[in-house]
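Visitor: need a 3D model of the following:
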Amino acid sequence: MQTLDIDDLFEKMNKEMKGLSEDKKTVKRLRDDLEKKQKKEAELKKQRKLDNIVCLKDIDIKIKKGSFVCIIGKVGSGKSSLLSALIGDLLPVP
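Guide: Numbers count the residues shown, from 1 in each chain. Here you go, the predicted structure:
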């Protein structure tokens, strides 16, 4: 029969309890990470809605025949979409 010193027994119990508390911390951290990821996904889904994607809305444009026109803007601002809409290649979204 193996006997353990009382100090050894308390040390073993302490290590096991620390392990459990570390496991609880890990579970809490994983839950927090999952919650943050779900919030980010919800934000991205919200941003992907059609109203947030459509760049060109309610545009009135008048250009005299023979005029020289430049269309400038940032990348992704809708320059090509505007030109495609003008020549009829872009389908309007209701």
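Visitor: all strands for the protein, in order.
Guide: Counting by DSSP state E, the chain has no strands to list.
Visitor: scan it for its longest helix.
Guide: If you go by DSSP state H, the chain has its longest helix at helix 6-47.
Visitor: which helices and strands sit right next to it?
Guide: On a contact count with 3 or more Cβ pairs under 8 Å, 6 or more residues apart in numbering; DSSP states H and E, helix 6-47 meets no helix or strand. In short, each C-beta sits where N, CA and C put it, glycine included.
Visitor: average pLDDT for that helix, rounded please.
Guide: The pLDDT scores in helix 6-47 average 78.
Visitor: just use 52 as the starting number from now, easier for me
Guide: Will do, 52 is the new start, and the previous item becomes helix 57-98.
Visitor: mind giving me the domain ranges of this protein?
Guide: Following automatic domain parsing, the chain resolves into domains at 52-104, 106-145.
Visitor: next, count neighbours for K79.
Guide: By the measure other Cβ atoms under 10 Å, the count of residues near K79 is 10.
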